[in-house]
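Novice: Quick one, structure for this:
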Amino acid sequence: MNIVFKSLVIAFQFIAFFPIQAIASSLPDFPFIGVEGVPEIEVMPDTANIGFSLLEFSEKPEAALNTIKKRSAQIIELAREFNISDDSIFSTGIESQIKRQINRDGGYDKTNIIGYEVTQSFGIKIDDVSKYSDLVDKLISIGNVSRIHPSFDVKNRKEILRKLVADAGKDAKQKALDLADAMDVKIKSVFAINQDTSFESFFATFGLQEKAPSSGSLGAAFDRGNGSLNMMVPKSIKIQKKIGVVYKLK
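Specialist: The predicted structure is shown next:
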């Protein structure tokens, strides 16, 4: 078995399934295996980010915009009640759409404008997740609030990720050793390392592609506690770190 063919066999065995037509340029001229280290940790969230929109419809665009401005001021005052600084409130965009009469055939009458819909997107960062449930309850009571999308995190994410990188390296090495032993070969040295992008970018240079799985927060376990039924804070979230390592074989 020549070296190039052996490389192909090992790539197919240990990395992923690649369509035959995806093999374009030359593979490395040495046998190799590729593995991923993907450790994760479950932690209790201590921060939150609330994304939402203000929406108002009116026959006149000025009236719709004035309502949005009024609600925006109320949101700032509400955040201050929870000791959230103005710097933690941000708007990501505002949009005005013309609404027209729908004809009997399902089309729109371009000449018959029935009103204007104004939408403004907001975000509020909360440094104390215990404020989340009460804040969202009061936020909804203001009116014109829609499309609420919360996300949760931890303040020490960077420290956790540094620890997970080390764990990912150990995980990848152990997988490589196990795979090499299963094929009765030995690992020689590390050829390439990457983070969070799987092997897609690396193997693209050799004409091979694979779909990279998602990374980051994988899910959450919820605990209602004393909060609103609809505004539950996750009891825990999962943080994941992924590295890909390509090893040369002896």
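
Novice: make it CA atoms for all contacts and neighbour counts henceforth
Specialist: Noted.

Novice: Quick one: list the elements packing against the host helix or strand of residue 112.
Specialist: Under the criterion DSSP states H and E, the helix or strand holding residue 112 is strand 108-126. In terms of contact count using 3 or more C-alpha pairs under 8 Å, 6 or more residues apart in numbering; DSSP states H and E, strand 108-126 is assigned the packing partners strand 47-58, helix 61-81, strand 89-102.

Novice: Could you point out the longest helix of the chain?
Specialist: Among the elements of the chain assigned as helix by DSSP state H, the one spanning the most residues is helix 157-182.

Novice: Name the strands paired with the next helix or strand after it and say parallel or antiparallel.
Specialist: Beyond helix 157-182 on the C-terminal side, the first helix or strand identified by DSSP H and E is strand 187-195. Sheet pairing for strand 187-195, assigned by DSSP bridges, gives strand 243-249 (antiparallel).

Novice: can I assume residue 83 sits in a strand?
Specialist: No - the assignment for residue 83 (DSSP: H, G, I helix; E, B strand; the rest coil) gives coil, which keeps it out of a strand.

Novice: Who does the strand holding residue 112 pair with, and is each partner parallel or antiparallel?
Specialist: Going by DSSP bridges, the partners of strand 108-126 are strand 47-58 (antiparallel), strand 89-102 (antiparallel).

Novice: and it, what's its mean pLDDT?
Specialist: Per-residue confidence for strand 108-126 averages out to 86 on the pLDDT scale.

Novice: Give me the buried positions along that strand.
Specialist: Within strand 108-126, the residues that count as buried by 16 or more other C-alpha atoms under 10 Å are 115, 116, 117, 118, 119, 120, 121, 122, 123, 124, 125, 126.

Novice: ok and that strand relative to helix 61-81, angle-wise?
Specialist: Strand 108-126 and helix 61-81 meet at an angle of 10 degrees, taking axes from the mean of the first three to the mean of the last three C-alpha atoms, to 10 degrees as the criterion.

Novice: Now do strand 108-126: distance to the chain's middle.
Specialist: 27 Å (C-alpha atoms, centre = their mean, to the nearest Å).

Novice: try stretch 80-97
Specialist: Stretch 80-97 has its average C-alpha position 22 Å from the chain's average C-alpha position, going by C-alpha atoms, centre = their mean.

Novice: C-alpha coordinates for that stretch, PDB please?
Specialist: Presented in PDB, the C-alpha positions along stretch 80-97 are these (Å, rounded to 0.1, in the frame of the first residue of the first chain):
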ATOM      1  CA  ARG A  80     -32.800  52.100  36.000                       C
ATOM      2  CA  GLU A  81     -35.300  50.800  38.600                       C
ATOM      3  CA  PHE A  82     -33.300  47.600  38.400                       C
ATOM      4  CA  ASN A  83     -30.000  49.400  38.700                       C
ATOM      5  CA  ILE A  84     -29.100  48.600  35.100                       C
ATOM      6  CA  SER A  85     -26.900  51.300  33.600                       C
ATOM      7  CA  ASP A  86     -27.800  53.100  30.400                       C
ATOM      8  CA  ASP A  87     -24.700  51.600  28.800                       C
ATOM      9  CA  SER A  88     -26.300  48.200  29.200                       C
ATOM     10  CA  ILE A  89     -29.200  49.200  27.000                       C
ATOM     11  CA  PHE A  90     -28.700  49.300  23.300                       C
ATOM     12  CA  SER A  91     -30.800  49.600  20.100                       C
ATOM     13  CA  THR A  92     -29.700  47.600  17.100                       C
ATOM     14  CA  GLY A  93     -32.000  49.200  14.500                       C
ATOM     15  CA  ILE A  94     -35.300  50.800  13.600                       C
ATOM     16  CA  GLU A  95     -37.500  50.100  10.600                       C
ATOM     17  CA  SER A  96     -40.700  51.500   9.200                       C
ATOM     18  CA  GLN A  97     -42.900  49.500   6.800                       C
END
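
Novice: Let's test this: mean pLDDT of it, rounded?
Specialist: On average, stretch 80-97 scores 92.
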